[in-house]
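Colleague: output the structure for:
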Amino acid sequence: MKDTAPPPAVRPVIPVSDRLGDTQEYYFSTKLREIAALRAAGKDILNLGIGSPDLPPAPQVIAALTESAHRPDSHGYQPYVGTPELRAAFARWYANYFGVPLDPATELLPLMGSKEGIMHISMAFLNPGDEVLVPNPGYPTYRSATELAGGVVRDYPLNEAGGWLPDLEALEAAGLERVKIMWINYPHMPTGATAPPEFFGRLVDFARRNGILLVNDNPYAFILTDSVQSILSVPGARAVALELSSLSKAQNMAGWRVGVLAGAEAYLRTVLRFKSNMDSGMFLPVQRAATVALGLDRDWYDGLNDTYRDRQAAAFRIMDVLGCTYDRQQVGLFVWAKCAGSSDGYGTCDRALYDHDVFITPGGIFGSAGEAYVRISLCSPVAVLEEALRRLSPRSAVSGDVSKSERSW
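Modeller: Predicted coordinates for the structure are as follows:
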C-alpha cells in the first residue's frame, strides 16, 4: 500500500534578514486565520474587527471597470505615475472637496492603495537610525514600515484627555534632532478623533521649525464627518507635508487598491524613485473605474453616511452592554470605547470571541495607550450588529434596558 503520510515539515536553513528585526505578521492576518479555523470547527463567528467595507462601489464604477476590461488594449503595462485621466480626476476631487489646488502632472502620485505609500515614503526618506514619530495608539503599519526601512520608532502618546492630539510642546522639549518623519492620521484611527482646523496649522509650523517631514494619512476624511480636511490646505504646508488618501473607505474600493500621494513635486519624485522599482503600474480598468469614483457627487457620500450612522448607533448599543464608555462625536469607520473599571481590551475581546462567538478588536494592538480600549468596525449590516448585541447581552439589553446589575462585563 502506498504511503500517504504527509511529508515532514521543512525546517528553514536560510537565516531571516536582519531587516525584519522584531517586525511580526500583521495582527489581522493572524486573527483572520484563527477565525477561519474556528469557523471550520463549526463556530459561527461574527467578525466585527477589520475595517473592510462590505458595501459595493457605485454601479457606474463597476460598469467602467467591466467596459474597460473587455477592451483588448486595456491589459498592458501602465505608467508608473498613473494615467493622466486618473491624476486629473484626483486633482478635481482635491479641489472640489478639500479646496486644495494641485498640479495633476507633478503633485499627485497614484498608488496601489495608500498602505504601500507608507512603505514607499519610509524607504525613500529614512536612513538607518533616523527617528520617526509614530502615534500611540495608531495604525500599526507606521511602526512596521519604519522598522523595515531601518528607522527608529519614537512613540508619541495620545490620550482621551488631550483629545487624542499630540503634545507638540512636550515633543520639542524632549529634543527632535534625529527625527526625520512624523506620521499623523486625522480623522484618527482607531479613536475616531478629528483635529481642529487650527491644529493643522500648528503641526505645519512645528514641522518647519524642526525640519521634519509631516505625513497625514487621510483615508477616513468622508466617513461620518461634517467637513473634510487636508493638511495641504494650510499655507506653506507643501514645504514640509505630504498627504495620503485612499478610495478604500469612502468609495467602497478596499480590494481594488487605489490611493494617492499628494504634495510637492520634489518629494513625489523621490518617492517615485523607489516605487518605480516595486511595480509596473496599476491595471488600466481599475484606473478608469477610479476616475469615475472620484467624480461621485455629494449624494454618494451622504447616502453612505446614512448607512454608517445606523450602524454606529447599533455599535454604541453593543458598547453599552459591554459597559464601555465612548465619545458620541467620534467619526470614521469604527467605534472606539474604554473598557469598564480595570478591564483591559484583550480580556474583553477574548471573552467576546471565545464565550460569545463575536470578534471585536483589542485597542492594545494599536499601541500601549490603547490597552484599556476596544474597537468595533462598522463594516457589517445592522442585522449583524444586532445579532452580536443579542449574543453579548442579557435578554433585556436588546431593548436598550440594561441595568448595571445585568452587565456581565
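Colleague: what about the strands in the stretch 101-250 of the chain?
Modeller: Remark: strands assigned in the stretch 101-250 of the chain by DSSP state E, counting those that start in this stretch are 108-111, 131-136, 152-157, 179-184, 213-217, 241-246.
Colleague: with the stretch 301-409 of the chain instead?
Modeller: Ranges of strands in the stretch 301-409 of the chain, per DSSP E, counting those that start in this stretch, are 325-326, 334-338, 358-359, 361-362, 373-377.
Colleague: about what we covered before: adding distance to Ala37, mean pLDDT and mean neighbour count, write the strands of the stretch 101-250 of the chain out as JSON lines.
Modeller: For every residue, glycine as well, the C-beta is placed using N, CA and C. JSON lines is the format used below for these (distance: least, CB to CB, whole Å; pLDDT from 0 to 100; neighbours: other CB atoms under 10 Å):
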{"stretch": "strand 108-111", "distance to Ala37": "33", "mean pLDDT": "98", "mean neighbour count": "24"}
{"stretch": "strand 131-136", "distance to Ala37": "31", "mean pLDDT": "98", "mean neighbour count": "24"}
{"stretch": "strand 152-157", "distance to Ala37": "31", "mean pLDDT": "97", "mean neighbour count": "16"}
{"stretch": "strand 179-184", "distance to Ala37": "33", "mean pLDDT": "98", "mean neighbour count": "24"}
{"stretch": "strand 213-217", "distance to Ala37": "32", "mean pLDDT": "98", "mean neighbour count": "25"}
{"stretch": "strand 241-246", "distance to Ala37": "30", "mean pLDDT": "98", "mean neighbour count": "26"}
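Colleague: okay, these in JSON lines with distance to Leu171 next?
Modeller: As requested, the strands of the stretch 101-250 of the chain are exported to JSON lines (distance: least, CB to CB, whole Å):
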{"stretch": "strand 108-111", "distance to Leu171": "28"}
{"stretch": "strand 131-136", "distance to Leu171": "7"}
{"stretch": "strand 152-157", "distance to Leu171": "6"}
{"stretch": "strand 179-184", "distance to Leu171": "8"}
{"stretch": "strand 213-217", "distance to Leu171": "12"}
{"stretch": "strand 241-246", "distance to Leu171": "16"}
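Colleague: for Val292, which non-adjacent residue is closest in space?
Modeller: Ala64 (4.4 Å; CB to CB, 6 or more residues apart in numbering).
Colleague: which one of the strands of the stretch 301-409 of the chain lies nearest to Arg178?
Modeller: Closest to Arg178 of those is strand 373-377 (CB to CB; 30.4 Å).
Colleague: partners of that closest one in the sheet?
Modeller: The pairing partners recorded for strand 373-377 under DSSP bridges are strand 334-338 (antiparallel), strand 361-362 (antiparallel).
Colleague: what's the most buried one of those?
Modeller: strand 334-338 (a mean of 26; mean count of other CB atoms under 10 Å).
Colleague: quick one: average pLDDT of the longest helix anywhere in the chain?
Modeller: Longest helix of the chain, by residue count under DSSP state H: helix 298-322. Per-residue pLDDT over helix 298-322 has a mean of 97.
Colleague: buried set for that helix?
Modeller: 300-301, 304-305, 308, 311-312, 314-322 (16 or more other CB atoms under 10 Å).
Colleague: next, the angle from that helix to strand 334-338.
Modeller: 30 degrees (axes from the mean of the first three to the mean of the last three CA atoms, to 10 degrees).
Colleague: can you spell out which helices and strands pack onto helix 298-322?
Modeller: The helices and strands touching helix 298-322, judged by 3 or more CB pairs under 8 Å, 6 or more residues apart in numbering; DSSP states H and E, are strand 325-326, strand 334-338, strand 373-377, helix 382-392.
Colleague: what's the neighbour count on Glu357?
Modeller: Slight slip there: residue 357 is Asp, not Glu. By other CB atoms under 10 Å, the residues close to Asp357 number 18.
Colleague: residue contacts, it?
Modeller: Applying CB atoms under 8 Å, 6 or more residues apart in numbering, we find Asp357 in contact with Leu38, Lys43, Asp44, Ile45, Leu46, Arg391.
Colleague: pretty sure the fifth one contacts Val358?
Modeller: If I follow you right, that is Leu46. Yes - if you go by CB atoms under 8 Å, Leu46 and Val358 touch, sitting 4.9 Å apart.
Colleague: which one of those two has more residues nearby?
Modeller: Neighbours were counted for Leu46 and for Val358 using other CB under 10 Å; Val358 has more, 26 against 20.
Colleague: what's the spacing between the more buried one and Leu48?
Modeller: In this view, Val358 and Leu48 are 6 Å apart by CB to CB, to the nearest Å.
Colleague: shared neighbours of those two, which are they?
Modeller: Shared contacts of Val358 and Leu48, defined by CB under 8 Å, 6+ apart, comprise Ala388.
Colleague: contact partners of the longest helix of the chain?
Modeller: 48, 55, 58, 222-224, 250, 252, 325-326, 328, 333, 335, 337, 339-340, 348, 352, 374, 376, 378, 380-382, 385-386, 388-389, 392-394, 397, 400, 402, 407, 409.
Colleague: picking that back up, need the overlap of contacts for Leu46 and Val358.
Modeller: When contacts are counted by CB under 8 Å, 6+ apart, Leu46 and Val358 are jointly contacted by Ala388, Arg391.
Colleague: among the strands of the stretch 301-409 of the chain, which is nearest Met182?
Modeller: strand 334-338 (22.0 Å).
Colleague: now the closest one against helix 382-392, angle please.
Modeller: Going by the same axes, to 10 degrees, strand 334-338 is angled at 20 degrees with respect to helix 382-392.
Colleague: tell me the mean pLDDT for strand 334-338?
Modeller: The average pLDDT within strand 334-338 is 98.
Colleague: check the offset of that strand from the chain's centre.
Modeller: Remark: strand 334-338 is offset 15 Å from the chain centroid, using CA atoms, centre = their mean, to the nearest Å.
Colleague: can you report how many residues neighbour Glu387?
Modeller: Neighbourhood size, Glu387 [other CB under 10 Å]: 16.
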